[in-house]
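Student: the following block contains a protein sequence and its predicted model.
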Amino acid sequence: MADEQLKSEIKELLVEVCFLDISPDEITDDGNLMDDPYNIESFNLLEISVHLEEKYGISFAEEDLSLDLFQSINSIAAYVKGKLAAEQAAS
């Protein structure tokens, strides 16, 4: 999967799951998702991870669930891409 497609899908998921009042196109790849204008709350992180697991067939390890992982679109995409590559290599 291309990086830009993955990032676009993650942005769409965030807008839907967190009920953000912005367009997915307005989310920057490296902006802090916990700050303005996104203001994603820590309680949303579990819901986001569940949706990512369902969408991409990956599993989040409990020790991986951190604010750093959900800091930006780039950090989420890098994690998902790494998980997808690891699962593909294992099969």
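Tutor: Everything's here; your move.

Student: who are the neighbours in contact with K81?
Tutor: By CB atoms under 8 Å, 6 or more residues apart in numbering, the contact set of K81 is 1, 3, 6. Quick note: C-beta positions are derived from backbone N, CA and C, even for glycine.

Student: which residues touch the closest residue to the first one other than its chain neighbours?
Tutor: Once flanking residues are discounted, M1 sits nearest to L84: 7.0 Å by CB to CB, 6 or more residues apart in numbering. By CB under 8 Å, 6+ apart, the contact list for L84 reads 1, 56, 58.

Student: got it, and I10?
Tutor: 52, 73, 76-77, 80.

Student: between those residues, which sits nearest S91?
Tutor: V80 (16.8 Å; CB to CB).

Student: tell me which stretches of this structure form helices.
Tutor: 3-17, 44-56, 73-90 (DSSP state H).

Student: returning to what we had before: JSON lines for the contacts of K81, including pLDDT, distance to Q88 and neighbour count?
Tutor: Output for those, formatted as JSON lines (pLDDT from 0 to 100; distance: CB to CB, whole Å; neighbours: other CB atoms under 10 Å):
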{"residue": "M1", "pLDDT": "70", "distance to Q88": "11", "neighbour count": "11"}
{"residue": "D3", "pLDDT": "92", "distance to Q88": "16", "neighbour count": "12"}
{"residue": "L6", "pLDDT": "97", "distance to Q88": "14", "neighbour count": "18"}
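
Student: any idea of the mean pLDDT for stretch 44-60?
Tutor: Stretch 44-60 comes out with an average pLDDT of 93.

Student: which outside residues touch that stretch?
Tutor: With CB under 8 Å, 6+ apart, stretch 44-60 has contacts from 9-10, 13-14, 17-18, 40, 65, 67, 70, 76, 80, 83-84, 87.
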